[in-house]
Structures are given as C-alpha cells and as structure tokens.
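1. this one's sequence-less:
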C-alpha cells in the first residue's frame, strides 16, 4: 500500500462524488430519501449522513498531503457501503437502491482503492 495515492485523479473523482452526495443529502433528494426509507433508517438520524460524506470528501482531498489519510478514508468508504448493502439486504430492499446506489458505490470505492493505493 502506498503512503500517498499513486494516481491522484481517481481519489479526486471519488472526493467529488462524496461532496456532491453530501450536498444532495442535506435536504435529501427524493431518491435518497427513498433509499433511507428503504432500509428503515430513522428520519431523526438523517442529519448524520451529510457530515459523514463531507468528512469523506475532506479526508480524500487532505490525503493527497497527509500520509495514509486518503487510503484510510477509502477503506472507510468501502466499509460504509458494505454496511449499506447489508442494511438493504436486511430490509429486503433489492431494487435500485441496493444495486444502483450502494453496490455501484462499493465498486467505485474498491476500484479507487486498487487503482490509487495498490497498483
């Protein structure tokens, strides 16, 4: 594993995705609200998601200068989406939310981890 990303652009793209997702979660767009409701995520906890996503974007960006931070953030995002997939499976939410949202983001995060830190 590299101390800093070998390829910077995948890390920047993932940071941009996380930043955009955080903005969309502040007042959740309908498809995000449907996703939260699909896994029975309590509405009183929805406010937690934007700071987590902003922190992920910040960790990825700062990780371009702080050793291992981007790699650790990428691993944390992989774990986040593994948990999200588990929540979709537990809630029997096998539609778009699981496959298009959670699973595709898991693949993107794993891909960034491999491209930027393991190759």
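-> That came through fine. Just so you know, these numbers come straight off a predicted model, no measurement behind them.
2. those helices in the protein, which residues are they?
-> 9-26, 30-38, 49-62, 69-90, 96, 104-113 (DSSP state H).
3. return the member of the ones you listed having the minimum mean pLDDT.
-> Confidence, taken as mean pLDDT, is least for helix 96 of the helices of the chain (a mean of 86).
4. how far does that helix sit from the chain's center?
-> 17 Å (Cα atoms, centre = their mean, to the nearest Å).
5. hang on, the earlier thing: quick one: closest of the helices of the chain to residue 1.
-> Of all the helices of the chain, helix 69-90 sits nearest to residue 1, with 6.0 Å by Cβ to Cβ. (Each C-beta comes from the backbone N, C-alpha and C, glycine too.)
6. next, the buried residues of the closest one.
-> 69-71, 73-75, 77-78, 80-81, 84-85, 87-88 (16 or more other Cβ atoms under 10 Å).
7. one more: stretch 37-55?
-> 37, 38, 39, 41, 46, 49, 50, 53, 54.
8. in space, what's closest to the fourth one - neighbours in sequence excluded?
-> Right, residue 41. Nearest non-adjacent residue to residue 41, counting by Cβ to Cβ, 6 or more residues apart in numbering: residue 87, 7.4 Å away.
9. got it, and the last one?
-> Taking Cβ to Cβ, 6+ apart as the measure, residue 54 lies nearest to residue 22, with 4.5 Å between them; neighbours along the chain are not counted.
10. pull the contacting residues for residue 79.
-> Shown in contact with residue 79 (Cβ atoms under 8 Å, 6 or more residues apart in numbering): no residues.
11. roughly how far apart are it and residue 43?
-> For residue 79, the distance to residue 43 (Cβ to Cβ, to the nearest Å) stands at 24 Å.
12. ok, residue 98 next?
-> Relative to residue 43, residue 98 is positioned 20 Å away (criterion: Cβ to Cβ).
13. ditto for residue 57
-> 24 Å.
14. which ones are touching the residue most central in space within the chain?
-> Nearest to the geometric centre of the chain sits residue 77, at 4.6 Å (Cα atoms, centre = their mean). Counting by Cβ under 8 Å, 6+ apart, residue 77 touches 14, 18, 56, 105, 109.
15. cheers, nothing more for now.
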